[in-house]
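[1] 3D model of this:
(one chain, ligands or ions: 1)
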Amino acid sequence: MSALKVVALSGSLRAKSFNNAALLAAAALAPDDLSIRVVDYSAVPLYNGDLQAQGFPASVQALGSEIAQADGLLIASPEYNFSVSGVLKNAIDWLSRLNPQPFKGKPTAILSATMGPLGGARSQYDLRKIIGGLEANVLTKPEVFIGACHTRFNEQGELTDEATRKIIAEQMVALRNWIRQLGPRA
Ligand SMILES: Cc1cc2nc3c(=O)[nH]c(=O)nc-3n(C[C@H](O)[C@H](O)[C@H](O)COP(=O)(O)O)c2cc1C
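    I've put the predicted structure just below:
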């Protein structure tokens with residue numbers, strides 16, 4: 001069976017982002033038949049309806065095609081002020097205006113990393129609501145909340161915490177199974 005393609009988005013643009021590092025860990029821990037690629041969407045401008053009226057920016061179109069062509073989506077976001085990060089919400093807002101809308105029916109898994117103890121639980125439920133509203137098929141379990149994230153990665157950004165490695169590996173297996181269960185993309 002050929003490898004399933006998953007596009008991964010980090011809600012943090014920081015070079016040393018723990019969420020980005022968690023996505024790279026997920027890519028390394030994923031089963032052989034799940035290929036995860038972290039996509040840089042930092043060129044997406046702030047949403048403005050006037051800009052959209054001039055035509056979707058190339059960065060938005062490119063991101064939309066990446067997601068549309070992928071078998072699945074993986075999103076890791078930090079929690080900012082009890083919700084998802086602004087950059088991620090901004091990108092989602094742009095993508096939601098595309099036709100066809102790339103989240104519709106897309107098998108999607110979510111994880112979050114924060115330095116606080118809750119691991120982004122509050123924001124993750126907002127993200128579920130947002131992309132659930134866009135008809136993504138969001139995987140329910142296992143949930144992955146990486147609390148005290150600064151203690152779980154080393155200086156090189158490698159995930160060293162065994163319990164976190166285990167739950168992420170389990171989530172990637174569940175995502176692979178979820179994609180296969182939902183069948184080929186429309
Ligand atoms: C603007 C802002 C707001 C934040 N709000 C929260 C919050 O509500 N809850 C929380 O647990 N952490 C909060 N944090 C801390 C982030 O979770 C922490 O900096 C995290 O490491 C950021 O993710 P990153 O490493 O992927 O950039 C906030 C950080 C920033 C910059």
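[2] can you tell me which residues in this structure are near the ligand?
    Residues of the chain lying close to the ligand (Cβ under 6 Å from any ligand atom) are 12, 14, 17-19, 78-82, 113-116, 118, 149. Quick note: C-beta positions are derived from backbone N, CA and C, even for glycine.
[3] ok, of those residues, which come out buried?
    Restricting those to buried positions leaves 12, 17, 18, 19, 78, 79, 80, 113, 114, 149, with burial counted as 16 or more other Cβ atoms under 10 Å.
[4] surely residue 16 forms part of a helix?
    No - according to DSSP: H, G, I helix; E, B strand; the rest coil, the state of residue 16 is coil, so it is not within a helix.
[5] how many neighbouring residues does it have?
    Taking other Cβ atoms under 10 Å as the criterion, the count of residues near residue 16 is 11.
[6] for it, which non-adjacent residue is spatially closest?
    The shortest distance from residue 16 to any residue other than its chain neighbours is 6.4 Å, reached at residue 157 (Cβ to Cβ, 6 or more residues apart in numbering).
[7] what's the one helix or strand residue 180 maps to in contact with?
    In this assignment (DSSP states H and E), residue 180 forms part of helix 162-182. Contacts made with helix 162-182 from outside it, assessed by Cβ atoms under 8 Å, 6 or more residues apart in numbering, are listed as 4, 6, 22, 25-26, 29-31, 33-34, 36, 71-72, 74, 105, 107, 109, 111, 137, 139, 141-142, 144, 146, 152, 159.
[8] ok, now with 6 Å
    Residues external to helix 162-182 that are found in contact with it (Cβ atoms under 6 Å, 6 or more residues apart in numbering): 4, 25-26, 29-31, 34, 71-72, 107, 109, 137, 139, 142, 144, 146, 152, 159.
[9] of the residues you listed, just the buried ones, ChimeraX syntax please.
    Here is the ChimeraX command that picks out the buried ones among those, judged by 16+ other Cβ under 10 Å:
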select :4,25,26,29,30,34,71,72,107,109,137,139,144,146,152,159
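[10] what residue is smack in the middle of the protein?
    Among the residues of the chain, residue 75 comes closest to the average C-alpha position under Cα atoms, centre = their mean, at 1.0 Å.
[11] return the alpha-carbon coordinates of the helix or strand hosting it using CSV.
    Mapping residue 75 onto the secondary structure by DSSP H and E places it in strand 72-76. What follows is strand 72-76, C-alpha atoms only, in CSV (Å, rounded to 0.1, in the frame of the first residue of the first chain):
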residue,chain,number,x,y,z
GLY,A,72,-4.9,14.1,5.9
LEU,A,73,-4.0,17.1,7.9
LEU,A,74,-2.1,17.5,11.2
ILE,A,75,-2.2,20.7,13.2
ALA,A,76,-0.1,21.7,16.2
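[12] which elements pack onto that strand?
    Counting contacts by 3 or more Cβ pairs under 6 Å, 6 or more residues apart in numbering; DSSP states H and E, strand 72-76 is packed against strand 4-10, helix 18-29, strand 107-113.
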